[in-house]
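Colleague: Curious how this folds, go ahead:
(2 chains)
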Amino acid sequence: MIGLKGTLNVIDNSGALLVECVNVLKQKVNNGWGSVGDEIVCVVKRARPISAAQSGSNAVKVRRGDVRRAVIVRTKKTVRRPDGRFIRFDDNAAVLLNNKREMLGTRIGGVVSADLRMKGWGKIVSLAPKFDGRAFSL
Amino acid sequence: MGLADVRYLLFDRSVVYNLGKCPSDTRSLLLLMVLASPPSHLSIQFTRPLRKTAPESVTRNSSRDVTRVTFRRFVTSNPNLTRALSTAAQPYPFSTAAKIPPPPANPLPESLRQGKGLMQYLTQTLPSPEKQNLLSTYFSRRHPLRVLPGSVLTVTLGHAPTTFSGVLMSVRRRGLDTSFVLRNVINRTGVEMQFFVSSPHLRNIKVLQRAGGGGGKAGRRMRRAKLFYLRDSPEKMTAISAGVRG
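Modeller: So this is what the prediction gives:
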């Protein structure tokens, strides 16, 4: 349940560490709250310092104060699966996107929820760290 | 050719019957009889002749037009297969995937049709025997084998992710809706998953480490029924999980 002022950890290598949600896109149901797989507009609250030597990397580096889009990948609120299971993580996490729903970073460092695949973010699920040869998503 | 009337009797003699020469629909019926029969020699008597070309091992009764076929059971006796034919699931002729549950053994009492005692009846009949066993042993209130909070369980599911292990944090006992929450730490992130015991997706529950036993810090009895304090203390989680690897 991410809404205005909700903070999320960023788990890709785009340089941001903490983002704050400003708006949840396309959410007419759920009273405007965002859950796993929803796109949000967010403000970067904390970012990794960008050194000039890292300009060769492919990932776009973001700065503090940038307004970007992101997709929620983990929530502290339980999410119900179609088979009746509930899953809950210990933190809220997101992955930064550009306006065309493409990832800004190139790698993901952390487990993601498998509900992303059901909402159409299979690309992000495939980048999640591998476990026994398959992407680790719960 | 329609299936003939079949009556099955028990005999001591046994003759190995070559099913390869039997017509295919009769063969499937014979296989059904064999698997459903008690583990003794089975004989089938057809009241109408099957075909003009009879197999060699079939003897013809000259007095009436009856073909007697006796054969020895060629599958090992399996207690799961030895049921009377009336309680086996009837095959559905139009689909192999559809399963028709057997009709209830006793006729439904009239009070049940009015709704009296409906939930108790559903709790006893809806889950499969394995699930009922789970409910009555692992997740009961007083059974000696019940899992206590603080145990480490591994749950096998029918779909991805295939297995999930974790510390049992809470058991919510509501009869058929009984559920439990497992907590695990994966990639430095805590993950909790709630599973429902009667769900058909839940294939198997394995207890890796029981709580409440004597000896060692990991096996100590937890003094709470719901271990939500584990969310704030990772050191206690590592203390519980340290005993599992060792």
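
Colleague: so residue B:98 makes contact with residue B:91?
Modeller: No: under the criterion of C-beta atoms under 8 Å, residue B:98 makes no contact with residue B:91, lying 9.1 Å away. Heads up, the C-betas are built off the backbone N, CA and C, glycines and all.

Colleague: Name the residue in the two with the higher neighbour count.
Modeller: residue B:91 (13 against 10; other C-beta atoms under 10 Å in any protein chain shown).

Colleague: and the gap between the more buried one and residue A:118?
Modeller: Distance of residue B:91 to residue A:118, computed by C-beta to C-beta, to the nearest Å: 35 Å.

Colleague: Strands of chain A, start to end?
Modeller: A:7-10, A:16-24, A:39-47, A:67-74, A:79-80, A:86-89, A:93-97, A:130-131, A:134-135 (DSSP state E).

Colleague: nearest to chain B, of the ones you listed?
Modeller: strand A:86-89 (3.9 Å; C-beta to the nearest C-beta).

Colleague: ok, back up a step: quick one: the strands of chain A as TSV, columns for mean pLDDT, distance to chain B and mean neighbour count too.
Modeller: Putting the strands of chain A into TSV (pLDDT from 0 to 100; distance: least, C-beta to the nearest C-beta, whole Å; neighbours: other C-beta atoms under 10 Å in any protein chain shown) gives the following:
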stretch	mean pLDDT	distance to chain B	mean neighbour count
strand A:7-10	95	9	22
strand A:16-24	94	15	20
strand A:39-47	94	18	19
strand A:67-74	94	7	23
strand A:79-80	92	9	15
strand A:86-89	93	4	20
strand A:93-97	95	8	26
strand A:130-131	63	8	12
strand A:134-135	54	8	16
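
Colleague: which residues does residue A:113 contact?
Modeller: Contact partners of residue A:113, counting by C-beta atoms under 8 Å, 6 or more residues apart in numbering or on different chains, are A:36, A:37, A:73, A:74, A:75, A:79, A:87, A:89, A:137, A:138.

Colleague: Contacts only, for the first one.
Modeller: Going by C-beta under 8 Å, 6+ apart, residue A:36 touches A:72, A:73, A:74, A:75, A:79, A:113, A:115, A:116, A:119.

Colleague: Around chain A, which positions in chain B sit nearby?
Modeller: Taking C-beta under 8 Å from any C-beta of the partner chain as the contact definition, chain B meets chain A at B:159-161, B:164, B:186-196, B:199, B:201, B:231.

Colleague: ok, of these, which come out buried?
Modeller: Buried by 16 or more other C-beta atoms under 10 Å in any protein chain shown: B:164, B:186, B:189, B:190, B:191, B:192, B:193, B:194, B:195, B:196, B:199, B:201, out of these.

Colleague: ok, back up a step: greatest separation within the contacts of residue A:36: which pair is it?
Modeller: A:74 and A:119 (13.5 Å; C-beta to C-beta).

Colleague: Grab the longest helix from chain A for me.
Modeller: Looking across chain A with DSSP state H, the single longest helix is helix A:122-127.

Colleague: so for that one, what's the average pLDDT?
Modeller: Mean pLDDT, computed over helix A:122-127, is 89.

Colleague: Is there any residue in it that contacts chain B?
Modeller: No: Helix A:122-127 is not in contact with chain B by C-beta under 8 Å from any C-beta; minimum separation 11.0 Å.

Colleague: In contact with residue B:150, which residues?
Modeller: By C-beta under 8 Å, 6+ apart, the residues touching residue B:150 are B:167, B:168, B:211, B:212, B:220, B:221, B:222, B:227, B:240.

Colleague: Neighbour-wise, which one of these leads?
Modeller: Among the contacts of residue B:150, residue B:167 has the most neighbours (other C-beta under 10 Å), with 26 neighbours.

Colleague: Now do that one against residue B:183, distance only.
Modeller: Counting by C-beta to C-beta, the gap from residue B:167 to residue B:183 is 5 Å.

Colleague: Pull up the overlap in contacts between the two.
Modeller: Residues touching both residue B:167 and residue B:183 (C-beta under 8 Å, 6+ apart) are B:227, B:230, B:237.

Colleague: Now secondary structure too, for those residues, in a markdown table please.
Modeller: Converted to a markdown table, the shared contacts of residue B:167 and residue B:183 look like this (DSSP: H, G, I helix; E, B strand; the rest coil):
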| residue | secondary structure |
| --- | --- |
| B:227 | coil |
| B:230 | helix |
| B:237 | helix |
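
Colleague: Out of these, which is nearest to residue A:1?
Modeller: Nearest to residue A:1 among those, counting by C-beta to C-beta, is residue B:230 at 22.3 Å.

Colleague: my guess is the closest one meets residue B:168, correct?
Modeller: No: counting by C-beta under 8 Å, residue B:230 stays clear of residue B:168, with 10.4 Å between them.

Colleague: Show me where chain B has its helices.
Modeller: B:24-36, B:110-113, B:118-125, B:129-137, B:234-245.

Colleague: returning to what we had before: pick the one among the contacts of residue A:36 closest to residue B:119.
Modeller: The closest of the contacts of residue A:36 to residue B:119 turns out to be residue A:79 (C-beta to C-beta; 28.9 Å).

Colleague: show me the contacts for that closest one.
Modeller: Contacts of residue A:79 by C-beta under 8 Å, 6+ apart are A:35, A:36, A:86, A:87, A:88, A:113, A:115.
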